[in-house]
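Asks: Here is a sequence together with a model predicted from it:
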Amino acid sequence: MVHTDSEQIHDSRTRFARETAQHELTIIHDDGPFRHLRFARPGSSGYWVEITTVPGALVFRGDGDTWTFARTEDMFAFFRGDGGSINPQYWAEKITDGRDRARHYDEDAFRRVVLEEFSERLVDGEIPLDRAGEALTRLARGVLDDETVADEAEARAALERFEFPVGGVAGSVARFADTWEWDFTRWDWWYLWACHAIVHVIKLYDQAKACPECQGECGTHNTTVIADTNGGTASRRSCDPKATVTVATTGDLL
């Protein structure tokens, strides 16, 4: 199934909520911009997350690739800037350890874009409607077949070569122009998952810091935030730095 960027983001949000429903957040170290947080399900190594910050950088580690972002002195402030939503396009520009990994060539994306462009040429009259079936068959066999689309370079070359005779003056042919500008990529699922994790962990961290008895000035070293999938509201027993904060995570996320 072909997914647009917005659909990918929505699906990844749902997946993240499902796969972290029993996770707990442990604040291992918390000293200004120097932080070390772990988000994981007790007794399980599945989909674990560690986030470390230093002045000017945030490092995300987990079950998949590591992502390092650099932008502002306090990277938590940077990721809070989108009001709880993720901004994968902008954030990818801040990746310092290989931003190209955030998107990759996708066969379904290639087919979707090419077919959309083909449809536009039918609407514009570049390809006669009464020959649409013939043109589509040629496109399917020469450009959209499984063997061709499996490799981006080969797929782009086939697209450049494609032409369909439409008759008229001097044997006119229909071609695709400026195909080098076409984007056949989609977001890496783990990158989107990491973006959701960063936003959610920061949210839990902020809730843990919001101690009503001292307006967050007491510190929360070694605080554990438990993900409560049954709902409820954030609460804190006292200013004890080892107090437990129970919050509703899955309900808020979805």
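Replies: On my side now, so go ahead.
Asks: okay, CA-based contacts and neighbour counts for the rest of this
Replies: Will do.
Asks: center of this structure - which residue?
Replies: With distances taken as Cα atoms, centre = their mean, Leu192 lies nearest the centre of the chain, 2.0 Å away.
Asks: Which strands and helices lie in contact with the helix or strand containing that one?
Replies: In the assignment (DSSP states H and E), Leu192 maps to helix 189-209. With contacts defined as 3 or more Cα pairs under 8 Å, 6 or more residues apart in numbering; DSSP states H and E, the packing partners of helix 189-209 are helix 5-19, strand 24-31, helix 75-80, strand 224-228, strand 244-248.
Asks: in stretch 157-177, what's buried?
Replies: In terms of neighbour count (16 or more other Cα atoms under 10 Å), stretch 157-177 has its buried residues at Ala158, Leu159, Glu160, Phe162, Glu163, Phe164, Arg175.
Asks: Can you check the pLDDT for the nearest residue to the fifth one once chain neighbours are set aside?
Replies: This points to Glu163. Nearest residue to Glu163 in three dimensions, chain neighbours excluded: Arg175, at 4.8 Å (Cα to Cα, 6 or more residues apart in numbering). Arg175 is assigned 86 on the pLDDT scale.
Asks: repeat for Leu253
Replies: For Leu253, the model assigns a pLDDT of 48.
Asks: what does Ala234 give?
Replies: Value for Ala234, per-residue pLDDT: 41.
Asks: What of the one 5 residues further on?
Replies: Cys239 carries a pLDDT value of 49.
Asks: Quick one: the buried residues of stretch 157-177 as JSON lines, columns for distance to Trp182 and secondary structure too.
Replies: Output for the buried residues of stretch 157-177, formatted as JSON lines (distance: Cα to Cα, whole Å; DSSP: H, G, I helix; E, B strand; the rest coil):
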{"residue": "Ala158", "distance to Trp182": "14", "secondary structure": "helix"}
{"residue": "Leu159", "distance to Trp182": "11", "secondary structure": "helix"}
{"residue": "Glu160", "distance to Trp182": "12", "secondary structure": "helix"}
{"residue": "Phe162", "distance to Trp182": "15", "secondary structure": "coil"}
{"residue": "Glu163", "distance to Trp182": "17", "secondary structure": "strand"}
{"residue": "Phe164", "distance to Trp182": "20", "secondary structure": "strand"}
{"residue": "Arg175", "distance to Trp182": "14", "secondary structure": "strand"}
